[in-house]
Every structure is written in structure tokens, then in C-alpha cells.
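Asks: Model the following, please.
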Amino acid sequence: MGIRGLTGWIRWAAPAAIKAPKWASFAKKRIGIDILGFLYKAKANKTHPITYIAHLIAKCREYNIIPVPVFDGKPPDEKRETIRLRNEARLKNDDKRKQLTTDIENAEMTEAQRDTLTKEIGALTASSVYVTTDERDEVKRLLYAAGVIFLNANGEADNVLAYLMRRGEIDAVMSNDMDLLARGVHTLLVPERMSVPGDTTGWISYELTDILYYAGLTYLQFLEMCVLMGSDYTNKAKSLPFKQSYFTIKYKGNLHKALESIQIKDYLPYDRAIDMLNGRNETVEDLMSDKQWLKWSAWKKGDKDAITTETPYLDTLRTEHLKDMNADEFRMLFYSDILVL
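Replies: Sure thing, here's the model as predicted:
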């Protein structure tokens, strides 16, 4: 997902920029959450999304962090081919998982072979999960019940999160999607597993300013390098390995000169990717509906009617998906974010 090879490039070009987050520094800060990725992460780990998201929100409140989840809407046409390929891969993985499950139940094999197949089935299960509309709605109801502001994007949540970051309306973003750095998000918090704030391991904090400093790039060079490495918006266009992309952009000066040096004459797919990633042509109407912008504006002003709570629903969840949550953590779900603005 995102920019091909970007994590590897950062480890190679700017390893000093890779740090663990200092959670205390985010007190009273707004952190946008690319929420759909967390739902997929829960299902890949055979956990109900409500269970993980409730745990995540409770820990945010424990550290006085203000979570701002954003849900994806309709993906842009530019990603249609990428999504088609992902869906095909998901179906193939699911078919292979079913076949291996049949084999492990019926075929004779050694314990070592059985262990190998079990691990492969686990990996295939994780890569073939799908979050349903009902599951999204259940998580939205949880957030509503707990008094958490959440937003619905018209298109990709990434676009909304990057826009809010550029305007200084959020302070960081939680997501596994590394292309948020290319979009200009200056603080990206990436969970390596089903992590929550306060975990001493399992998170990486990427500071865009540090990455640019250690790599010796401007933001524009970094953005152009990311596009040359390949993104969801350039699926059919030629891409280069991260080291070649880095040196080509750094020493050729700009993307068009870099493309010319490798005999690429059609710049249009790359220019479109630049526009998509930096939001050059997007409008507020593209990002969210008027209703969502009005809700966001009211919430920022401290309007208590912008969000409400539904504590009876939380009590219901206490007997179902949240029955294993300890009492102190469960109480944090009742602490409305409006109180810490």
C-alpha cells in the first residue's frame, strides 16, 4: 500500500529518523486516524474490530490524546486498477487458503509440514480479510456512543487527513499507509501490529522534517522521488527501485529531467500522481460533504451538540465484545473528548 519501497528507503537513507513515539508529548493533541486500516488489522488478527477500536480509543484518552478517526468513502478512479488487482489477489489467496485447509485436515504429513502449512494458512487468512459495511457501521456506533468525533470522507481518508494536517487542524496521523508522508503529513505514527498508545514496542514514529534532513532532500524532491518509486496512482507506469529513484531525483534536479534521463516521454501519469498526493487540485467539496464540514467546525469550536454519547450501548458492548476489557480502561470510553479540547 502507498509508495513502493518507501519504508526500506527510509531505513537506508534516514535510519536516524526512525523513532518510537513519546506518547506524553501528544497530550491534548489531535491525532487523525486512518481508521479502516485498523479495522483490517483487527480482522487479520481474528479480533472483532469493535474490541480493538475500543481499546485504541480508551488508551488515547488515558494519555489525553484526542482521536479523530476518518472513514474512507469511494476510491478515486486513478486507483481503480490497483483496487482490481488487490481484489483479484484477495480472491486467489482465499482459494489457496481453502485448499490448504482441506489438505491439512485430510492429507498425511509430518508435524514439520503441518506447522509450515499452518503458518501459510495464517498469512493467507490475514491477506484475504474484508471489512463489511455492517462492521464499519458497528464501529461508527461505538465511536458515537463514546462521544468520539469521526468524519466520513467522500473519497480517500488519506486526502482528508493530509488536508487537515496541512491546515494545522490535526497534529499527527495514525496509519499504516506510508504515502501520507508524501502527502505532507509531518508526523506519522505507524503500528506494526495491533498496537495502542502507551505500548513501548510496536509503533514507529516518522517525522517528515527529520527524514528530509537526513536524506538531504527538499519536500518537492521527496514527493517526486516517491512518485518515481511507484504509487497506487501510477500502477501501469514504469517505476524505479528506491536507491535509483533517490539518486536520479537528487542529481537530475526534478521529476521531468529524471524521466527524460531514463527515456520516459509520457509525463502525464507521474504529474497526475503528484497532483493527487499533494492535493493541488482538490477542493473542500471533493473531500467531505457540507454536513461533515459543519460537524467538524462545530466540534473545533467546542459545541457540545457536535457529538453525543450513548452510554447504554457501551453497557451492552460490555457484555459482548468488550467483556474482557478491564474496568479502568472501560471507564475511559465514557470520557468525552469535548472535555479535553
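Asks: ok, now which ones touch residue 73?
Replies: Residue 73 makes contacts with 152-157, as judged by Cβ atoms under 8 Å, 6 or more residues apart in numbering. No exception for glycine: its C-beta is placed from N, CA and C like everyone else's.
Asks: what are the ranges of the helices in the stretch 201-341 of the chain?
Replies: Counting by DSSP state H, counting those that start in this stretch, the stretch 201-341 of the chain has these helices, from start to end: 208-215, 219-229, 242-252, 255-261, 268-278, 284-287, 290-300, 311-318, 327-332.
Asks: Please determine how far the spatially most central residue of the chain is located from residue 40.
Replies: By Cα atoms, centre = their mean, the chain has its centre lying nearest to residue 175, at 2.9 Å. Distance of residue 175 to residue 40, given as Cβ to Cβ, to the nearest Å: 12 Å.
Asks: Which residue is most remote from the mean position of this protein?
Replies: Most distant from the centre of the chain: residue 108, at 41.6 Å, with distances by Cα atoms, centre = their mean.
Asks: so when I look at that residue, I'm seeing a strand, right?
Replies: No - per DSSP: H, G, I helix; E, B strand; the rest coil, residue 108 lies outside any strand segment and is coil.
Asks: State the distance from it to residue 171.
Replies: 57 Å.
Asks: Please apply the same query to residue 159.
Replies: From residue 159 across to residue 171, the span is 18 Å (Cβ to Cβ).
Asks: between those two, who's got more neighbours?
Replies: For the pair residue 159 and residue 171, the greater number of neighbours falls to residue 159 (23 against 19), based on other Cβ atoms under 10 Å.
Asks: Then that one would be within a strand, right?
Replies: No - using three-state DSSP, the secondary structure at residue 159 is helix, not a strand.
Asks: Skip the chain neighbours and tell me the closest residue to it.
Replies: Residue nearest to residue 159 in three dimensions, not counting chain neighbours: residue 287, with 5.8 Å by Cβ to Cβ, 6 or more residues apart in numbering.
Asks: Then residue 269?
Replies: Among residues not flanking residue 269 along the chain, residue 237 sits closest, at 4.2 Å (Cβ to Cβ, 6+ apart).
Asks: Torsion angles phi and psi at the one you found?
Replies: Main-chain dihedrals, residue 237, degrees, to the nearest 10: phi -90, psi 160.
Asks: Tell me, how many residues neighbour it?
Replies: Neighbours of residue 237 (other Cβ under 10 Å): 19.
Asks: wait, it sits on residue 268?
Replies: No - Residue 237 lies out of contact with residue 268 (Cβ atoms under 8 Å); the separation is 9.0 Å.
Asks: does the residue nearest to residue 159 really touch residue 158, like I thought?
Replies: No - taking contacts as Cβ under 8 Å, residue 287 lies outside contact range of residue 158: 10.5 Å.
Asks: and for those two, which residues touch both?
Replies: With contacts taken as Cβ under 8 Å, 6+ apart, residue 287 and residue 158 have no neighbour in common.
Asks: Quick check: the nearest residue to residue 187 once chain neighbours are set aside vs residue 9, distance?
Replies: Of all residues not flanking residue 187 in the chain, residue 172 sits nearest, at 3.9 Å (Cβ to Cβ, 6+ apart). The spacing between residue 172 and residue 9, counted by Cβ to Cβ, is 21 Å.
Asks: Can you say which helix or strand has residue 163 in it?
Replies: Element membership for residue 163, per DSSP states H and E: helix 157-166.
Asks: buried stuff in that helix?
Replies: Residues of helix 157-166 classed as buried under the neighbour-count rule (16 or more other Cβ atoms under 10 Å) are 157-165.
Asks: Please convert the residues you listed to JSON lines, extending it with distance to residue 210 and pLDDT.
Replies: Putting the buried residues of helix 157-166 into JSON lines (distance: Cβ to Cβ, whole Å; pLDDT from 0 to 100) gives the following:
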{"residue": "157", "distance to residue 210": "25", "pLDDT": "95"}
{"residue": "158", "distance to residue 210": "21", "pLDDT": "94"}
{"residue": "159", "distance to residue 210": "24", "pLDDT": "94"}
{"residue": "160", "distance to residue 210": "25", "pLDDT": "96"}
{"residue": "161", "distance to residue 210": "20", "pLDDT": "97"}
{"residue": "162", "distance to residue 210": "19", "pLDDT": "96"}
{"residue": "163", "distance to residue 210": "23", "pLDDT": "95"}
{"residue": "164", "distance to residue 210": "21", "pLDDT": "96"}
{"residue": "165", "distance to residue 210": "16", "pLDDT": "95"}
